[in-house]
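Peer 1: missing the sequence, but the structure's below:
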């Protein structure tokens, strides 16, 4: 069974190992959400691949890795930043695929708008 973490319009799926041929990015932002808020990570290396509509990269999460977003996260890890609640989720160490969430409607598959 695959382990997955849903974080609004982003999904992280735990995989066995990092694919070869990737270069670590110098950003802390996994993706920008549909309403312009960043999904940021502290304590991990991000590897982007050629963007497709579904899997767009990988996260190699270190011990103590935190995923943050102004609207999503574990209710036990919240900070107030510039008057807004910044929700955080602790990510267990490991390698994760970064996936954009899609939903099936009666007419089409479309990105999740969060």
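Peer 2: Nice, I can see it. Bear in mind the structure is a predicted one, so any value in this text is a computation, not a measurement. Numbers count the residues shown, from 1 in each chain.

Peer 1: CA atoms for contacts and neighbours, from now on please.
Peer 2: OK.

Peer 1: what is the least confident helix or strand in this protein?
Peer 2: In the chain, the helix or strand scored least confidently by mean pLDDT, DSSP states H and E is strand 74-81, which has a mean of 46.

Peer 1: measure residue 17 to residue 88 for me?
Peer 2: 25 Å (CA to CA, to the nearest Å).

Peer 1: neighbour count winner among the two?
Peer 2: residue 88 (24 against 12; other CA atoms under 10 Å).

Peer 1: report the separation between the more buried one and residue 42.
Peer 2: According to CA to CA, residue 88 stands 10 Å off from residue 42.

Peer 1: just for the protein, where's the confidence low?
Peer 2: For the chain, the stretches flagged by pLDDT under 70 are 1-2, 6-8, 33-35, 51-53, 69-87, 101-114.

Peer 1: surely residue 39 and residue 12 touch.
Peer 2: No - counting by CA atoms under 8 Å, residue 39 stays clear of residue 12, with 11.4 Å between them.

Peer 1: surely residue 92 and residue 67 touch.
Peer 2: No - counting by CA under 8 Å, residue 92 stays clear of residue 67, with 10.5 Å between them.

Peer 1: residues in contact with the residue nearest to residue 4 when sequence neighbours are not counted?
Peer 2: Closest residue to residue 4 apart from its sequence neighbours, by CA to CA, 6 or more residues apart in numbering: residue 13 at 4.3 Å. Contacts for residue 13 (CA atoms under 8 Å, 6 or more residues apart in numbering) come out as 2, 3, 4, 5, 96, 97, 98, 99.

Peer 1: let me have those in TSV, extended by distance to residue 29.
Peer 2: Shown next, in TSV, are those (distance: CA to CA, whole Å):
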residue	distance to residue 29
2	24
3	21
4	19
5	16
96	15
97	14
98	12
99	14
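
Peer 1: list buried residues within the residues you listed.
Peer 2: Neighbour-count burial (16 or more other CA atoms under 10 Å) applied to the contacts of residue 13 gives 96, 97, 98, 99.

Peer 1: what strand or helix carries the last one?
Peer 2: Read it as residue 99. Per DSSP states H and E: residue 99 is located in strand 94-100.
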